[in-house]
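# Turn this into a model:
(one chain, ligands or ions: 1)
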Amino acid sequence: MRFNLLARTAIAGVCMTALVAPTSTSAASVPSVAHARAATHTITATVTKHGVSLKGVKGLHAGRAKIVVKGKGHDTVTFASLKKGYAMSRFLKDLHGFETNNAKAIKRIYAKVDALGGVVPGDTGSIVFPHPGTYFAMPGGGRISEPTTFTVGSKRQTRTPDVDGRIVATDGPGWGGSTTIPAKGTLMFKNTATTPVLHFVSMQRVAEGTTVETVLEALQSDQGPDPDWVLSGSLETDVLSPHRAMTVDYDLPAGQYVVLCFMPDPKMHGMPHALMGMIEMIHLG
Ligand SMILES: [Cu+2]
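Okay, the predicted model is just below:
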């Protein structure tokens, strides 16, 4: 996910790689989409060398759409739109500003981008288009490439999927939602913040009994090898704007996971949200 990577590189002295290095193995498999109702559109986004290629975006309506992300890499695909008056060229410049921890650029992105979420290649889920209009998809990974735009038509009623757990970004400082969820299922991620701020979910399996304090200490220490309490199994979503929700289908090893968000706080010199309270332990299985 672009913002995640940028946030990580922007924060000097804060080591994120221990937990979210791309070498960490995602145990997620691709759940079958065969049972998807015909009424719900499925968008297939493939990460390519040049950006994201999209299938299934013709005849889209506002409301929920299933997403299937394919292609290479470990970074989520971003689905979003820009608010009125915020030009794509300005947004792309601001993304570069995001990379250098420019507070004004970060604030503009938080206020002017309507981020709908996204998943990593190999994962599936759903996003909601709030209204008709022009939307875009972009690859993550810190390479800022041309977004792929598409049009969404008038609203249609769509079914809200059954979910097995919820992770909620609140006005803070901590996470809300479930503390125990099944090892396999569909997770809803919701941003209920009342101020303009983007959040994402990064879930990393850790050894049973690992404390928040231990993780915080590792995040603030110098770069080094992964601590031995970092275990295989992770899940990542793309960023969400306030009042937005998405779902992600997952199949992970049972156990303890730390839930983190690494988006920067421009008022705190770009400090990642995880260090400001967006860190909690949950159990799967
Ligand atoms: Cu956050």
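# Find the nearest non-adjacent residue to residue 200, please.
Of all residues not flanking residue 200 in the chain, residue 239 sits nearest, at 4.6 Å (C-beta to C-beta, 6 or more residues apart in numbering). Every residue, glycine included, has its C-beta placed from N, CA and C.
# near the ion, which residues of the stretch 151-285 of the chain show up?
Within the stretch 151-285 of the chain, the residues that sit near the ion (C-beta under 5 Å from the ion) are 199, 261, 263, 273.
# need the contact list for the residue nearest to the last one when sequence neighbours are not counted.
The shortest distance from residue 273 to any residue that is not its chain neighbour, by C-beta to C-beta, 6+ apart, is 4.3 Å, and that residue is residue 261. Residue 261 makes contacts with 169, 199-202, 272-274, 278, as judged by C-beta atoms under 8 Å, 6 or more residues apart in numbering.
# Flag the shaky bits of this structure, pLDDT-wise.
1-38, 141-142 (pLDDT under 70).
# Mind jotting down where the strands sit in the stretch 51-200 of the chain?
For the stretch 51-200 of the chain, the strands defined by DSSP state E, counting those that start in this stretch cover 52-55, 63-71, 77-82, 113-117, 124-129, 133-139, 148-152, 165-169, 175-177, 180-181, 184-191.
# which other helices and strands contact the shortest one?
In terms of contacts (3 or more C-beta pairs under 8 Å, 6 or more residues apart in numbering; DSSP states H and E), strand 180-181 is packed against strand 279-284.
# May I have the strand it packs on exported as CSV, CA atoms only?
Provided in CSV are the C-alpha atoms of strand 279-284 (Å, rounded to 0.1, in the frame of the first residue of the first chain):
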residue,chain,number,x,y,z
ILE,A,279,-2.0,-0.6,18.3
GLU,A,280,-3.8,-3.5,19.9
MET,A,281,-3.7,-7.2,20.3
ILE,A,282,-6.5,-9.5,18.9
HIS,A,283,-6.9,-13.2,18.7
LEU,A,284,-7.8,-15.3,15.6
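# tell me which residues of it are tucked away?
By neighbour count on 16 or more other C-beta atoms under 10 Å, the buried set for strand 279-284 is 279-282, 284.
# export stretch 220-228 as CSV, just CAs?
C-alpha atoms of stretch 220-228 as CSV (Å, rounded to 0.1, in the frame of the first residue of the first chain):
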residue,chain,number,x,y,z
GLN,A,220,11.1,2.7,18.1
SER,A,221,14.4,0.8,18.1
ASP,A,222,17.0,0.8,15.3
GLN,A,223,16.6,-1.4,12.3
GLY,A,224,17.6,-5.0,12.8
PRO,A,225,16.5,-8.5,12.1
ASP,A,226,12.9,-9.4,12.9
PRO,A,227,12.3,-10.0,16.6
ASP,A,228,11.6,-13.7,17.3
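# So residue 119 is in contact with residue 125, correct?
Yes. At 4.7 Å, residue 119 counts as touching residue 125 under the criterion of C-beta atoms under 8 Å.
# Please enumerate the shared neighbours of these two.
67, 237, 248.
# Hmm, residue 79 and the first one touching each other?
It stands for residue 67. Yes. Residue 67 is in contact with residue 79 according to C-beta under 8 Å; the separation is 7.2 Å.
# Geometric centre of the chain: which residue is closest?
Computing the C-alpha centroid of the chain and ranking residues by C-alpha atoms, centre = their mean puts residue 238 first, at 1.8 Å.
# where along the stretch 1-150 of the chain do the helices fall?
Per DSSP state H, counting those that start in this stretch, the stretch 1-150 of the chain has helices spanning 2-10, 17-20, 88-99, 103-112. These are given in chain order.
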